[in-house]
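Enquirer: need a 3D model of the following:
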Amino acid sequence: MKNSLPILADPAAPTLPTSRPAVGPGGEEAKGTYAFVSLGCPKNLVDSESMLGKLAAGGYALVPDPDGADFVVVNTCGFIGPSREESKSVVQEMLDLKTAGRTGGVVVAGCLPGRVGAEQVRKDLPGVDHVMNVFGRDEIGTVADRLTTNLQGSRRRGVSPITEQRDVFRPAAIRALDDTARLRITPDHFAYLKISEGCDRTCTFCSIPMMRGKHVTKPIEQVVAEARELAADGVKELIIVAQDTTYYGLDLYGEVRLAALLRELEQVEGLEWIRLMYLYPIHFTDELIDVIAGSSKVLPYLDMPLQHISDRVLKRMTRRTNRAKTEALVGKLRDRIPNLVLRTTMLVGFPGETEAEFQELVDFIVDWKFERLGAFPFSPEPGTPSMKLDGHLPPEVSQQRVDALMAAQQPAAFDFADSLVGYELDVLIDSENDDGSYEGRTFADAPEIDGSVRVTIPAEVDAELELGAFIPCELTARDGYDWLATAALLDDDEPDDD
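Expert: Here you go, the predicted structure:
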């Protein structure tokens, strides 16, 4: 996810950014202006919003375009090779602006420094002013102060600013970072809430523990306080994220406590949807299933990455589960949670994956008919145990298998979408289109990764839909992975949030 306006070409001669009035959060003149680019997953997005909140509290004004800003912060992703290359490409764009005199400094934060180290970042991207890992994010205000002080001194002297080469690296968290007072990038009506940091899993393909450390649970009372703050800010859909959501509480309380947390979150006034993401198939307790099945707010939508189904491949991945346990869990979830929508992800082309094992995976997803599924080719990650395994497949073979798996999945996704045509469902309105229609989502659709609903208002009804409102809509047709729908409004209806 990249949250920044595109850079506009400007043929003007290079000059230092000129000082201009900017308004801080309290209406006072700002210390300086900055642009922000957020890359990567929702967990990284929460970190970005926390940094944005600290910069706002520190008196800095956010601007939509890095061209002309006093400095730019790029919160990077370092998960796999392509994401690191994207991060470096974006940083280089900002450095080119700096070289042209159209921004004063560049800060690189997040997972890329955590993955490769500050020295490598500076080697690959000369000219970066500050480098911060994920655990140094709370120092962003201090970094901004140093950078703007240096920039202002350079302006007074009429020279180009000198790169300070300061790094902010903090050790992995021993307690969860506080995510209150965020300046949110998401629309007003939904937000991500991170309930833990890091991961204790030892999956052989994954580099997350290298960047984000061991699992650290955020205490229940802290999560609830953050949820209340978000609800007071207009959030109606709360999306729970963590690296391993079902592990929640085990390190802090000595037992998994996700069910207990959900009971508390259900009591937060203003929240209407609670969506669960990244549920590892281990530690899925009967208590948790009962809470989800009986809740009026926790959606019957579960994102549960399975990665594979072959016992041998799962063992080489160190997933600590097998096919029999996975099928028993999926069957139990489907039996006990009404109207369940299951999203999963599969990792294809893992070292040593045979044609027979790949076909086993294809047959599995065809048999179990997941409503939502994503597939990704194996990415060899330096420093992970998978690099030492035998049987690495050519990238083109892995990609062919991804394409074949997604083709096999498509009928299940289309059948599910077709099964809801003709039904009336509440649709959460996300945005308005240029043609006067609206884009929204059902309970079955998480933002960014799933489908959407294009909602039109009947010609005989004089109404406008409020963004963030839940509108009853009749799903009239499937449009690929999306739906077309008509708002079920009477002429005298006043659409609201109820």
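
Enquirer: report how many residues lie close to residue 343.
Expert: Using other C-beta atoms under 10 Å, residue 343 has 21 other residues around it. To be clear about C-beta, it is placed using only N, CA and C from the backbone, and glycine gets the same treatment.

Enquirer: quick one, domains of this protein?
Expert: According to automatic domain parsing, the chain comprises the domains 32-168, 173-303, 421-487.

Enquirer: can you put those in TSV and add mean pLDDT and mean neighbour count?
Expert: Formatted as TSV, the domains of the chain follow (pLDDT from 0 to 100; neighbours: other C-beta atoms under 10 Å):
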stretch	mean pLDDT	mean neighbour count
domain 32-168	90	21
domain 173-303	95	19
domain 421-487	96	17
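
Enquirer: all helices for the stretch 301-450 of the chain, in order.
Expert: Secondary structure of the stretch 301-450 of the chain (DSSP state H, counting those that start in this stretch): helices located at 311-317, 323-336, 355-368, 395-420.

Enquirer: returning to that earlier point: and the domains of the chain: which comes nearest residue 392?
Expert: Of all the domains of the chain, it is domain 173-303 that lies closest to residue 392, at 11.7 Å by C-beta to C-beta.

Enquirer: straight-line length of the closest one, end to end?
Expert: For domain 173-303, the separation between the terminal residues is 26 Å (C-alpha to C-alpha, to the nearest Å).

Enquirer: now swap in stretch 271-289 and tell me
Expert: Using C-alpha to C-alpha, the two ends of stretch 271-289 sit 20 Å apart.

Enquirer: possible to save the domains of the chain as a markdown table with distance to residue 392?
Expert: What follows is those, written out as a markdown table (distance: least, C-beta to C-beta, whole Å):
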| stretch | distance to residue 392 |
| --- | --- |
| domain 32-168 | 14 |
| domain 173-303 | 12 |
| domain 421-487 | 28 |
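
Enquirer: looking at those, which is nearest to residue 393?
Expert: Using C-beta to C-beta as the criterion, the shortest distance between residue 393 and those is 13.0 Å, found for domain 173-303.

Enquirer: got phi/psi on residue 466?
Expert: phi -80, psi 130 (degrees, to the nearest 10).

Enquirer: distance of it from residue 141?
Expert: Separation of residue 466 from residue 141 (C-beta to C-beta, to the nearest Å) stands at 35 Å.

Enquirer: residue 438 too?
Expert: Taken as C-beta to C-beta, the span from residue 438 to residue 141 is 38 Å.

Enquirer: does residue 262 touch residue 291 like I think?
Expert: Yes. Look at residue 262 against residue 291 with C-beta atoms under 8 Å: they come within range, at 5.1 Å.

Enquirer: anything in contact with each of those two?
Expert: residue 298 (C-beta atoms under 8 Å, 6 or more residues apart in numbering).

Enquirer: quick one: contacts of stretch 449-465?
Expert: Counting by C-beta under 8 Å, 6+ apart, 343, 372, 374, 417, 427, 429-430, 432-433, 436-442, 444-445, 471, 473, 475, 479-487, 489-491, 493-495 sit against stretch 449-465.

Enquirer: which ones among these lie within strands?
Expert: Cross-referencing those against strands under DSSP state E gives 343, 372, 374, 427, 429-430, 432, 438-441, 471, 473, 475, 479, 482-487.

Enquirer: indicate which one of the helices of the stretch 301-450 of the chain is closest to residue 77.
Expert: Of the helices of the stretch 301-450 of the chain, nearest to residue 77 by C-beta to C-beta is helix 395-420, at 19.9 Å.

Enquirer: mean confidence for the closest one?
Expert: Mean per-residue pLDDT for helix 395-420: 98.

Enquirer: which helices and strands sit right next to it?
Expert: Using 3 or more C-beta pairs under 8 Å, 6 or more residues apart in numbering; DSSP states H and E, the elements in contact with helix 395-420 are strand 341-348, helix 355-368, strand 372-377, strand 470-479, strand 482-487.
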